[in-house]
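Enquirer: Have a look; sequence and predicted model below, questions after that.
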Amino acid sequence: MLPVQPLFVLLLVGLLGLFFFGFLLVRRTVAGLNEGYNDGRR
């Protein structure tokens, strides 16, 4: 088992959380734009 630095783990978790949050935000924004675009076409 390799010795793991707490700082490295914290950084990794933070990056993963940020990536996940960004993904959700982008997905929601794209869905909203798509809805608005479809409403405008109708």
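Expert: Done, it's in.
Enquirer: any idea how far the helix or strand where Arg28 lies is from the chain center?
Expert: Using DSSP states H and E, Arg28 falls within helix 6-41. Its chain's average C-alpha position is 3 Å from that of helix 6-41, according to C-alpha atoms, centre = their mean, to the nearest Å.
Enquirer: buried stuff in that helix?
Expert: For helix 6-41, a neighbour-count test (16 or more other C-beta atoms under 10 Å) marks nothing as buried. Quick note: C-beta positions are derived from backbone N, CA and C, even for glycine.
Enquirer: Let me see the mean pLDDT of that helix.
Expert: Mean pLDDT, computed over helix 6-41, is 93.
Enquirer: which other helices and strands contact that helix?
Expert: For helix 6-41, there is no helix or strand it packs on, judged by 3 or more C-beta pairs under 8 Å, 6 or more residues apart in numbering; DSSP states H and E.
Enquirer: then stretch 12-19 to CSV, C-alphas only?
Expert: What follows is stretch 12-19, C-alpha atoms only, in CSV (Å, rounded to 0.1, in the frame of the first residue of the first chain):
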residue,chain,number,x,y,z
LEU,A,12,-8.4,15.2,-6.0
VAL,A,13,-11.8,15.2,-4.2
GLY,A,14,-12.1,19.0,-4.7
LEU,A,15,-11.3,18.7,-8.4
LEU,A,16,-13.8,15.8,-8.9
GLY,A,17,-16.5,17.8,-7.0
LEU,A,18,-15.8,20.9,-9.2
PHE,A,19,-15.9,18.8,-12.4
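Enquirer: I'd like the numbering to begin with 86 instead of 1 from here.
Expert: Sure thing, new numbering starts at 86, so read that last one as stretch 97-104.
Enquirer: ok, and what's touching it?
Expert: Residues outside stretch 97-104 that contact it (C-beta atoms under 8 Å, 6 or more residues apart in numbering): none.
Enquirer: tell me the phi and psi of Val89?
Expert: phi -110, psi 130 (degrees, to the nearest 10).
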